[in-house]
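Asker: coords please:
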Amino acid sequence: MTQSTSASYLEAKKIRSTLPYRYYFCLVLATFTGNSYAESTQASLTLSIAIQRTLEQNPTLKVFEFRQSALQGEIETARLKPAYELEFEAENFAGTGELSGFSGAEFTIALSSVIEMGEKQSARVGLVSQSQSVLTTQREVMSLELMGDVTRRYVEVLAGQEKVSLGTEALRLADETLKIVKKRVAAGATPSAEVKRALAAHGQAQLSLQAEQQRVEYLKRSLAAFWGENKFTFSNVKGNLFAFGVDDDFESLYAKVEQNPAMQILHDKVRLKDAELRLAKTESTANIHWSVGMRRSQEIEDTSLVASFSMPLFAEKRNSGAVSRALAERSRVSQEKEATKLRFRNQLFRAYSNRKQAIVSAKTLQSNVIPALEQALKETQSAYLKGRYGYLEFVSARQELLSARRALINAGAAALIYGSEIEQLTRESLLR
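Answerer: Sure, this is the predicted structure:
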């Protein structure tokens, strides 16, 4: 694969190494609109465009817009002060004797409300604000997960295309082998049964190629599903399956895990639980209910002011359960944070180790194994034509070369997929 084709695969990832990750999504959208988008719909698809379409059109991300609107409504409600109530009361009317009619009636009209104590309004607003922060980080986590999923599926398509090319090469070699065997049979240098074996190998090569083509079609369709399309509109994806990037040491990579939005969301959740605890504690401070108004006595034709206030007793004791629950929830989230760090460390180490092994395998296959097998196939073919080797040795040499090339494709794809997992965990590109 040429350097020009590798550039399209690398361009989206290089952005990650130059910008804070939370701005990466916006930049992808802004940078790759216009001509690149139009070109990719006609022929080749780049990783940048695949990510762009996913972030623009994936329905999972659209849900966050509605959740954000809901929280905006909650914060408007949280800012409201206690409502005023207008009360009207009538006594001593429509009775019997002296209380018949309205001559002895008393009428009271009053305005009442609640004085919130303990900064309850501030606590409510703080709780919803922290919920908004958690939601923002959740969207970032979801975007990061989708980008990782898109990248991995993109690599699978890229590897599938390479396997189709390898299948085409295998079919060519099978066809070439069939012609060689037919010539040897015609010359009486080998049994005719070898033609049948060569024909069977040719048929198997055709079936393998068809299977790889069908698998690539499925992978392309599943890639397009990330941006909500039922069919794909691109002919192929562009990229270099063997561009592995830098190889940082494990501890340096793990130090960057704190930047992961999944870790940030746990920080935000701790602050959210702090806000819930604060709100629970404010409920331990009793509110004061007050009322003020006027009373009219029809019997003595006098008007007077009336006022009252009340507050519940033992509010702190009655609210102790809610405070205990909030404290327990905060402790649970703190422990969850530590457990997540441990899980991320194990996940990172697995990806790091497997990536290193895949890179070693790919480089060894490229530099040593495949060149040796290519030379061995040439020599075996020449020896077969001279009658020094049999059909089995000739076919085995061909299959060994094809198997090594397939292993190279698998190793390259594995290295990129594990690299994508590392990037998702560290929020930093390996290509810099």
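Asker: just give me the neighbour total for the closest residue in space to residue 400 that isn't next to it in sequence.
Answerer: Leaving aside its sequence neighbours, residue 400 sits nearest to residue 373 (Cβ to Cβ, 6 or more residues apart in numbering; 5.4 Å). In short, each C-beta sits where N, CA and C put it, glycine included. Applying other Cβ atoms under 10 Å, we find 21 residues neighbouring residue 373.
Asker: mind checking how far residue 373 is from residue 80?
Answerer: According to Cβ to Cβ, to the nearest Å, residue 373 and residue 80 sit 76 Å apart.
Asker: what does residue 43 give?
Answerer: 57 Å.
Asker: what's the weakest-modelled helix or strand in the protein?
Answerer: helix 24-31 (a mean of 36; mean pLDDT, DSSP states H and E).
Asker: which element, helix or strand, includes the residue nearest the centre of the chain?
Answerer: A centroid search over the chain (Cα atoms, centre = their mean) returns residue 145, at 1.5 Å, as the residue closest to the centre. Assessed by DSSP states H and E, residue 145 sits inside helix 120-186.
Asker: now the helix or strand just after that helix: buried residues?
Answerer: Sequence order places helix 193-224 as the next helix or strand after helix 120-186, per DSSP H and E. By neighbour count on 16 or more other Cβ atoms under 10 Å, the buried set for helix 193-224 is 194-195, 197-198, 201-202, 205, 208-209, 212, 216, 219-220, 223-224.
Asker: and stretch 374-393, by the same measure?
Answerer: In stretch 374-393, counting by 16+ other Cβ under 10 Å, buried: 377, 380, 381, 384, 389, 391.
Asker: of these, which belong to helices?
Answerer: Among the buried residues of stretch 374-393, the ones falling in helices (DSSP state H) are 377, 380, 381, 384, 391.
Asker: check contacts around residue 247.
Answerer: Residues near residue 247 by Cβ atoms under 8 Å, 6 or more residues apart in numbering: 356, 359.
Asker: need phi/psi at residue 387.
Answerer: Dihedral pair for residue 387: phi 80, psi 10, per degrees, to the nearest 10.
Asker: from residue 130, how far out is it?
Answerer: Residue 387 is 82 Å from residue 130, where distance means Cβ to Cβ.
Asker: cool, and residue 410?
Answerer: Distance from residue 410 to residue 130, by Cβ to Cβ: 46 Å.
Asker: so for these two, which sits in the more crowded spot?
Answerer: The residue with more neighbours, out of residue 410 and residue 130, is residue 130; 20 against 17, by other Cβ under 10 Å.
Asker: thought the more buried one was touching residue 272?
Answerer: Yes - Residue 130 is in contact with residue 272 according to Cβ atoms under 8 Å; the separation is 4.2 Å.
Asker: shared neighbours, those two?
Answerer: By Cβ under 8 Å, 6+ apart, no residue touches both residue 130 and residue 272.
Asker: quickly find the element holding residue 339.
Answerer: Residue 339 is located in helix 320-364, with elements delineated by DSSP H and E.
Asker: which helices and strands sit right next to that helix?
Answerer: On a contact count with 3 or more Cβ pairs under 8 Å, 6 or more residues apart in numbering; DSSP states H and E, helix 320-364 meets helix 250-255, helix 261-282, helix 391-426.
Asker: what's the least confident stretch among those helices?
Answerer: Lowest mean pLDDT of the helices and strands packed on helix 320-364: helix 261-282, a mean of 74.
Asker: which other helices and strands contact that one?
Answerer: Judged by 3+ Cβ pairs under 8 Å, 6+ apart, helix 261-282 is in contact with helix 120-186, helix 320-364.
Asker: residues making contact with it?
Answerer: Residues from elsewhere that reach helix 261-282 (Cβ under 8 Å, 6+ apart): 21-22, 118-120, 123-124, 126-127, 129-131, 133-134, 137-138, 140-141, 144, 257, 319, 322-323, 325-327, 329-330, 333-334, 336-337, 340-341, 344, 427.
Asker: so what secondary structure elements neighbour whatever helix or strand comes next after it?
Answerer: With elements assigned by DSSP H and E, the helix or strand that comes after helix 261-282 is strand 288-297. Strand 288-297 is packed against strand 106-115, strand 302-310, with contacts defined by 3+ Cβ pairs under 8 Å, 6+ apart.
Asker: got a markdown table for those strands, with distance to residue 51, mean pLDDT and mean neighbour count too?
Answerer: Shown next, in a markdown table, are those (distance: least, Cβ to Cβ, whole Å; pLDDT from 0 to 100; neighbours: other Cβ atoms under 10 Å):
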| stretch | distance to residue 51 | mean pLDDT | mean neighbour count |
| --- | --- | --- | --- |
| strand 106-115 | 52 | 84 | 16 |
| strand 302-310 | 60 | 81 | 11 |
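Asker: right, and the ones you listed - which one's nearest residue 353?
Answerer: For residue 353, the closest of these is strand 106-115, at 61.5 Å, according to Cβ to Cβ.
Asker: how near is the residue nearest to residue 400 to residue 197?
Answerer: Note on residue 373: its distance to residue 197, by Cβ to Cβ, is 21 Å.
Asker: go on, residue 366?
Answerer: Distance of residue 366 to residue 197, given as Cβ to Cβ: 31 Å.
Asker: residue 51 too?
Answerer: For residue 51, the distance to residue 197 - Cβ to Cβ - is 48 Å.
Asker: and what of residue 48?
Answerer: For residue 48, the distance to residue 197 - Cβ to Cβ - is 48 Å.
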